[in-house]
Structures are given as structure tokens and as C-alpha cells.
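S.K.: Predicted model, plus sequence, below.
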Amino acid sequence: MVKIRWNEEAIPDVEEIADYIAADSIAYAVMQTELFFDRVEILKKNLRSGPVVPELNDKNVRQLVEGNYRIIYEIKSNTLIEILCVIHGMRLLENHPTFKHKNS
């Protein structure tokens, strides 16, 4: 069975998105948060569900799209997926702290 692990930077991403949405609608913020967690469940059956992240061109770093957001994940092994970050689709990945240190 595949385990999905959310890293220490991905959870705050989801929280920030929820806080932003909650300024207009708490109900929608809760719904969007649930969609993120539900979306990654597909990875338990298919590790390579999403396409490779084009900015990184690493076959093990992929993304799922949920609405306007990108859920970036890394295939650590055949039994472990790590969610690296969740960002708005219009945001540049290179500006996210998770990837600044990896690509410097």
C-alpha cells in the first residue's frame, strides 16, 4: 500500500490558501481544503497520475491539478509519496521556499 506523507511546508500552504479563501467564505475554504486531501488519494492507486513538473523536469516530481491549484509531489519509492507543496497555478514555483534551496 502506498503511503502519502505531507511534508512540513505543504500543510502551511494548504492553511494559507484556506485562510485566504475564508476571508470571503469559510464554507468554501473548508471545501477547498477537503478537495486537496481527497485529490491526492488517487496516488495510492497510481503513483504517476500527474504529469512531470515542467520547471523541474524530474520524472519523480509530479503534479496534480485541483481547481486553480497545483499539488506538487515526489515519488520517494513504490510505497511512499511526499506532498511537497500546494501552490496557485499562477504562482511561479521558483518563488516557493521548497524549491529555492533545491535548485540553488
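M.R.: On my side now, so go ahead. Numbers count the residues shown, from 1 in each chain.
S.K.: Per-residue pLDDT of the most centrally placed residue in the chain, please?
M.R.: Closest residue to the average C-alpha location of the chain: Ile71 at 2.3 Å, with C-alpha atoms, centre = their mean. Per-residue pLDDT puts Ile71 at 97.
S.K.: next one: Pro54
M.R.: On the pLDDT scale, Pro54 is placed at 90.
S.K.: host element of it?
M.R.: For Pro54, there is no host helix or strand (DSSP states H and E).
S.K.: swap in Arg5?
M.R.: If you go by DSSP H and E, Arg5 is part of strand 3-6.
S.K.: Could I get the average pLDDT for that strand?
M.R.: Averaging pLDDT along strand 3-6 yields 96.
S.K.: tell me what it is packed against?
M.R.: Here strand 3-6 touches strand 80-88, going by 3 or more C-beta pairs under 8 Å, 6 or more residues apart in numbering; DSSP states H and E. Glycine gets a C-beta too; all of them are placed from N, C-alpha and C.
S.K.: Swap in 10 Å and give it another go.
M.R.: Other helices and strands packing on strand 3-6, by 3 or more C-beta pairs under 10 Å, 6 or more residues apart in numbering; DSSP states H and E, are helix 26-39, strand 69-77, strand 80-88.
S.K.: May I have that strand exported as CSV, CA atoms only?
M.R.: Provided in CSV are the C-alpha atoms of strand 3-6 (Å, rounded to 0.1, in the frame of the first residue of the first chain):
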residue,chain,number,x,y,z
LYS,A,3,1.6,5.9,2.0
ILE,A,4,1.1,9.6,1.3
ARG,A,5,3.1,11.9,3.5
TRP,A,6,2.6,15.7,3.6
